[in-house]
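Chemist: sequence unknown, structure follows:
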């Protein structure tokens, strides 16, 4: 009905390392600036070009502990056995209450926590077109040393095996097509 705010739905986008989650979600945001893309908190250091508060909230281990202990995280996980990532709860809940669509770009463990906390969330798995392409993307971005790449690829095999836990699967063989597919699944197109 005209004048009615459509019900907001939380959409979770997850997938293996180097699948292009950030790139596809950034394209989705360009296409649909009305959505809120949640900014995660992390204990890892910024990569070149990343800005605190825009790409992530870069926090100390102690600050992250406090966020978890006080219930301020919707979900959180230790990723690749080294750093913690999590979604601050308040901005997500406020946007949903206002009727805005919200997208979380998170890892597999985080998606599972959101599924438990918010069973109506729409979980979308972003998959690579092939294992070889995933390896090529990880090596090509040049942000991890050989040991870290090996750790991430090991984790990626486990993550790929979990795709059946998701409501929908989008293959990222082209950023524009993948972003449009996400928008359609979210009811934005």
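Modeler: Right, received. Where do you want to start? Note that the structure is a prediction, hence the values are computed from the model and not measured.

Chemist: quick one: the helices in the protein?
Modeler: Taking DSSP state H to define them, one finds helices in the chain at 21-31, 61-69, 89-97, 108-117, 131-141, 146-161, 175-185.

Chemist: Which among these is found nearest to residue 11?
Modeler: Of all the helices of the chain, the one in closest proximity to residue 11, counting by CB to CB, is helix 175-185 (7.6 Å). Where C-beta positions appear, they are placed from N, C-alpha and C, glycine not excepted.

Chemist: between the closest one and helix 21-31, how big is the angle?
Modeler: Following axes from the mean of the first three to the mean of the last three CA atoms, to 10 degrees, one obtains 70 degrees for the angle between helix 175-185 and helix 21-31.

Chemist: What helices and strands are in contact with helix 175-185?
Modeler: Counting contacts by 3 or more CB pairs under 8 Å, 6 or more residues apart in numbering; DSSP states H and E, helix 175-185 packs against strand 10-14, helix 21-31, strand 122-127, strand 168-171.

Chemist: average model confidence for the longest one?
Modeler: In other words, helix 21-31. The average of the pLDDT scores along helix 21-31 is 94.

Chemist: So which elements touch that helix?
Modeler: When contacts are defined as 3+ CB pairs under 8 Å, 6+ apart, helix 21-31 packs onto strand 10-14, strand 36-37, strand 102-105, helix 175-185.

Chemist: Swap in 7 Å and give it another go.
Modeler: Using 3 or more CB pairs under 7 Å, 6 or more residues apart in numbering; DSSP states H and E, the elements in contact with helix 21-31 are strand 102-105, helix 175-185.

Chemist: Check the third one too.
Modeler: When contacts are defined as 3+ CB pairs under 7 Å, 6+ apart, strand 122-127 packs onto strand 10-14, strand 168-171, helix 175-185.

Chemist: and these, which is most packed in?
Modeler: Among the helices and strands packed on strand 122-127, strand 10-14 has the highest mean neighbour count (mean count of other CB atoms under 10 Å), at a mean of 25.

Chemist: distance between the ends of stretch 30-43?
Modeler: With CA to CA, to the nearest Å as the measure, stretch 30-43 spans 27 Å from end to end.

Chemist: Also stretch 50-67?
Modeler: The first and last residues of stretch 50-67 sit 22 Å apart, counting by CA to CA.

Chemist: For it, which outside residues touch it?
Modeler: Counting by CB atoms under 7 Å, 6 or more residues apart in numbering, stretch 50-67 makes contact with 39-43, 46, 73, 84, 86, all of which sit outside it.

Chemist: With neighbour count added, can I get these in JSON lines?
Modeler: Listed next are the contacts of stretch 50-67 as JSON lines, based on neighbours: other CB atoms under 10 Å:
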{"residue": "39", "neighbour count": "16"}
{"residue": "40", "neighbour count": "22"}
{"residue": "41", "neighbour count": "20"}
{"residue": "42", "neighbour count": "20"}
{"residue": "43", "neighbour count": "21"}
{"residue": "46", "neighbour count": "12"}
{"residue": "73", "neighbour count": "21"}
{"residue": "84", "neighbour count": "20"}
{"residue": "86", "neighbour count": "24"}
